[in-house]
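Asker: Build me a model from this:
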Amino acid sequence: MNKTLFLAALLGASTLALAQDYPTKPVTLIAPFPPGGVADIVGRPLAASMEKALGRPVLVVNRSGAGGAVGTTAVAKAAPDGYTILMSLSSISIFPVSDPLNGKPVPYTLADFAPIALVTSDPTVLVVAADGPYKTIQEFIASARAYPGQMNYSSSGVYGTLHVAMEMFASAAGIKLFHVPYQGGGPAVAALLGGQVHALASGPAAAVGQIKAGKMRALAGWGDKRLPLMPELPTFKELGYQDVEFYIWSGVFAPAATPAPVIAKLRAAVRAAVNDPQFKGAMDKVSTPISYLDAPEFAQFLARDAARLKIAVEKIGRIGSK
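Answerer: Numbering: from 1, shown residues only. The predicted structure follows:
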């Protein structure tokens with residue numbers, strides 16, 4: 001065996017040995033948004049249940065910024081050893097499309113990640129303040145048409161999932177809204193509750209508590225059918241807006257070059273976690289249905305979703321060009 005082949009074999013054997021021992025220390029699960037949003041609401045109880053399967057602590061770190069791009073990029077560039085993984089939302093598919101539109105270098109591509117599992121998938125809902133003037137989506141649209149560009153909405157960041165969902169709706173309804181981006185879903189919800197904005201597209205998990213408490217009112221949903229959680233809430237499709245369909249999902253990823261044995265252990269840990277009564281109870285508490293897909297099925301789901309979001313982002317176009 002020549003020296004090159006010997007070194008390659010040695011490196012392979014070393015990598016395999018490390019993978020077989022994995023994990024030997026805590027695992028960091030990065031949520032690329034501030035506390036209070038969907039990534040955090042799902043990620044923290046998931047991490048607690050994954051700990052039981054892995055036998056090591058799984059530490060959730062909120063690394064927010066740029067609508068999720070900062071934390072996502074950090075995982076893309078992390079060592080592919082299984083000790084830094086990602087709790088992502090559908091926005092992971094957006095930045096590889098939106099940054100080139102705006103003349104920016106691509107921070108990462110989807111090829112930089114190995115999908116581990118889809119955990120949840122919910123259609124967003126349009127919410128307004130409960131003490132505000134809008135009781136129906138028709139009233140909201142009428143006001144937006146009367147005051148073009150003056151009604152505003154918060155989001156988790158420019159080109160983030162909540163931004164894309166609202167612009168899908170605005171485009172279909174023929175209205176112009178003013179976008180106020182924040183550094184995550186939690187601050188976006190706080191802005192609505194604080195009276196700083198008129199509306200928000202939110203994942204049901206992040207809004208249901210406020211809706212039940214009478215602080216928010218839901219006007220319409222982005223799903224292909226009504227939410228069991230809110231059976232009285234019409235979908236945009238029912239209201240005649242056929243192209244307005246959007247889901248805010250959460251899933252776990254690892255850096256793409258993570259060894260296969262480590263990926264297998266992470267897949268098994270997430271599979272065990274979503275079946276853990278503790279995690280199921282946490283999701284029931286925030287009225288979030290578990291939509292588990294293992295890595296192969298999740299990869300297919302991701303490809304379809306990314307293609308749909310690419311069309312939506314390209315329709316939004318370059319920020320500041322309108």
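Asker: Check what pLDDT S321 gets.
Answerer: Per-residue confidence at S321 stands at 51 (pLDDT).
Asker: Please apply the same query to S14.
Answerer: 49.
Asker: D305 now?
Answerer: Predicted confidence (pLDDT) for D305: 88.
Asker: can you pull the contacts of it?
Answerer: S90, S93, Y247, W249 (Cβ atoms under 8 Å, 6 or more residues apart in numbering). Backbone N, C-alpha and C define where each C-beta goes, glycine included.
Asker: For burial, what's the neighbour tally of the residue lying closest to E238 once chain neighbours are set aside?
Answerer: Taking Cβ to Cβ, 6 or more residues apart in numbering, and ignoring the residues beside it in sequence, E238 has R226 as its nearest neighbour in space, at 7.9 Å. R226 has 16 neighbours, counted by other Cβ atoms under 10 Å.
Asker: can you pull out the helices in the chain?
Answerer: 3-21, 38-54, 69-76, 95-101, 137-146, 161-173, 185-193, 204-212, 260-274, 277-285, 295-316 (DSSP state H).
Asker: The last one vs helix 260-274, what angle?
Answerer: Pointing back at helix 295-316 there. 80 degrees (axes from the mean of the first three to the mean of the last three Cα atoms, to 10 degrees).
Asker: Give me the buried stretch members for helix 295-316, please.
Answerer: A295, F298, F301, L302, D305, A306, L309, A312, V313, I316 (16 or more other Cβ atoms under 10 Å).
Asker: With the fourth one instead?
Answerer: Of the residues in helix 95-101, those with enough neighbours to count as buried (16+ other Cβ under 10 Å) are F95, P96, V97, S98, D99.
Asker: how much space is there between the residue lying closest to V252 once chain neighbours are set aside and K265?
Answerer: Counting by Cβ to Cβ, 6+ apart, the nearest residue to V252 once its immediate chain neighbours are dropped is I116, at 4.1 Å. I116 sits at a distance of 10 Å from K265 (criterion: Cβ to Cβ, to the nearest Å).
Asker: And for V42?
Answerer: 20 Å.
Asker: who's more crowded, these two?
Answerer: V42 (27 against 18).
Asker: quick one: contacts for the nearest residue to that one once chain neighbours are set aside?
Answerer: Distances taken as Cβ to Cβ, 6+ apart put S250 closest to V42, at 4.5 Å, once the chain neighbours are dropped. S250 sits next to V38, A39, V42, G43, M87, S88, L89, L118, V119, T120, S121 when contact means Cβ under 8 Å, 6+ apart.
Asker: and with 10 Å instead?
Answerer: Contact analysis of S250 by Cβ atoms under 10 Å, 6 or more residues apart in numbering lists 31, 37-43, 46, 87-90, 117-122, 203, 205, 288, 291.
Asker: Which of the buried residues of helix 295-316 sits closest to Y108?
Answerer: A306 (12.9 Å; Cβ to Cβ).
Asker: Go ahead and confirm the closest one touches A111.
Answerer: No: using Cβ atoms under 10 Å as the test, A306 is too far from A111 to be in contact (11.3 Å).
Asker: got the end-to-end distance for stretch 270-280?
Answerer: 12 Å (Cα to Cα, to the nearest Å).
Asker: Would you mind pulling the contact partners of it?
Answerer: Contact partners of stretch 270-280, identified using Cβ under 10 Å, 6+ apart, comprise 42, 45-54, 58, 85, 116-120, 251-252, 282-284, 290-292, 294-295, 298.
Asker: now it: how far from the chain's centre is it?
Answerer: Centroid separation for stretch 270-280 versus its chain: 19 Å, with Cα atoms, centre = their mean, to the nearest Å.
Asker: Report the buried residues of that stretch.
Answerer: V270, R271, A273, V274, D276, F279.
Asker: Can you list the low-confidence ranges for the chain?
Answerer: 1-18, 319-322 (pLDDT under 70).
Asker: Nearest to the spatial middle of it, which residue is it?
Answerer: A centroid search over the chain (Cα atoms, centre = their mean) returns L89, at 1.6 Å, as the residue closest to the centre.
Asker: Isn't it up against A165?
Answerer: No: under the criterion of Cβ under 10 Å, L89 is not in contact with A165, lying 11.4 Å apart.
Asker: which neighbours do those two share?
Answerer: G203, Y247, I248.
Asker: Could you export these as TSV, including distance to A130?
Answerer: Compiled in TSV, the shared contacts of L89 and A165 are given as follows (distance: Cβ to Cβ, whole Å):
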residue	distance to A130
G203	18
Y247	25
I248	22
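Asker: Thanks a lot, see you next time.
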